[in-house]
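**Student:** give me a 3D structure for the following:
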Amino acid sequence: MAIATLALYHSLVFVWYIFVTYSISLVRAEDRPSEVFLYGRQWKYLTVLNLVSIALHLALTSLLYFVICVIHRLFLFRKLTFFLQTALPFTTKILLLQFVFMSFWVLYTYNRELVYPKSLDGIIPMWLNHAMHTIVLPLALLEIFATPHRYPPKKKGLILLGFVSVAYLSWVLWIYSVTGEWVYPLFTFFSPVGLAAFFCSSIVLIVWIYNTGEFLNRMIWGQFTFCFSPDLQMKEN
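**Tutor:** Below is the predicted model:
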């Protein structure tokens, strides 16, 4: 896929994520069901945090792709391509969206009241629910097939992944300490031991998704040190 095509693709996905995020912001706080508390607003949900962070990253990468098309003969080109190749935070956000898809729909199918109470249907349209929790999967898979990503050494990658997971977990626990309410109704049914087991199993699932993404990236793009040319030719150093 040519650099210009990638830039256009990332720009379109960026616009989509911005549209979804904006639509979420239009949900009025006063219309919320009683079981959805105000503290943290939409920023307490992993889905929203990922949508916003991916949108910002796509905006930056789209800009850099366009810049690369103009200055690909300059030394700065290699600096920019290295950034694009090694954007682990972006791959982390992509796999977290896959985690959101899997965990949300498994729990929703089992008992939707655990993650998405039926009362939300009155204020969040069905299309917006699917935009947040369904369409993210095909977009994440398309990103794997459309763009090569250089994964860091396994230890470094898992450390960063663990940091992101612990950071969000800390945010969830902080909200509980302030409000006495859990971000997700599911957590109210767990004992402290059960809650710890759930968090640990979630991290195991995230690690599995990370390893699967790395495997797919290697199978699709090979064991290359990627070097972009304007038409995105892959060259082995």
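**Student:** helix, strand, or coil at Ile159?
**Tutor:** helix (DSSP: H, G, I helix; E, B strand; the rest coil).
**Student:** please begin residue numbering at 7 from this point
**Tutor:** OK, 7 is where the count begins now, so the last one is Ile165.
**Student:** which residues are in contact with it?
**Tutor:** Ile165 makes no contacts at all, as judged by Cβ atoms under 8 Å, 6 or more residues apart in numbering. The way it works is simple: take the backbone N, C-alpha and C, and place the C-beta from them, glycine included.
**Student:** next, give phi and psi for Glu187.
**Tutor:** phi -120, psi 140 (degrees, to the nearest 10).
**Student:** go ahead and confirm it touches Val178.
**Tutor:** No: look at Glu187 against Val178 with Cβ atoms under 8 Å: they stay out of range, at 10.7 Å.
**Student:** which one's more surrounded, the two?
**Tutor:** Neighbours were counted for Glu187 and for Val178 using other Cβ atoms under 10 Å; Val178 has more, 18 against 15.
**Student:** what separation do you get for Leu66 and Glu187?
**Tutor:** 35 Å (Cβ to Cβ, to the nearest Å).
**Student:** count of neighbours near the closest residue to Val33 other than its chain neighbours?
**Tutor:** The shortest distance from Val33 to any non-neighbouring residue, by Cβ to Cβ, 6 or more residues apart in numbering, is to Ile129 (5.7 Å). By other Cβ under 10 Å, 14 other residues sit near Ile129.
**Student:** phi, psi of Ile129?
**Tutor:** Torsion angles at Ile129 (phi, psi; degrees, to the nearest 10) stand at phi -120, psi -20.
**Student:** any idea how far it is from Glu187?
**Tutor:** Taking Cβ to Cβ, one finds Ile129 at 18 Å from Glu187.
**Student:** neighbours of Leu192, how many?
**Tutor:** Neighbour tally, Leu192, other Cβ under 10 Å: 17.
**Student:** okay, it and Ser109: tell me how far apart.
**Tutor:** Counting by Cβ to Cβ - Leu192 and Ser109 are separated by 10 Å.
**Student:** so what sits against both of the two?
**Tutor:** Between them, Leu192 and Ser109 share the contacting residues Val121, judged by Cβ under 8 Å, 6+ apart.
**Student:** show me what contacts Val33?
**Tutor:** Contacts of Val33 (Cβ under 8 Å, 6+ apart): 48, 129-130.
**Student:** tell me how many other residues surround His136.
**Tutor:** Neighbour count for His136, taken as other Cβ under 10 Å: 11.
**Student:** go on, Ala173?
**Tutor:** Neighbours around Ala173, by other Cβ under 10 Å: 10.
**Student:** on the three-state scheme, it is what?
**Tutor:** Secondary structure state of Ala173, per three-state DSSP, is helix.
**Student:** now do the same contact list for it.
**Tutor:** By Cβ under 8 Å, 6+ apart, the contact set of Ala173 is empty.
**Student:** isn't Ala146 up against Met108?
**Tutor:** No: Ala146 is not in contact with Met108 according to Cβ under 8 Å; the separation is 11.0 Å.
**Student:** name the residue in those two with the higher neighbour count.
**Tutor:** Just comparing Ala146 and Met108: by other Cβ under 10 Å the higher neighbour count belongs to Ala146, 21 against 15.
**Student:** and the host helix or strand of the more buried one, what's buried?
**Tutor:** Assignment of secondary structure by DSSP states H and E places Ala146 within helix 142-152. By 16 or more other Cβ atoms under 10 Å, the buried positions in helix 142-152 come out as 142, 146, 149-150, 152.
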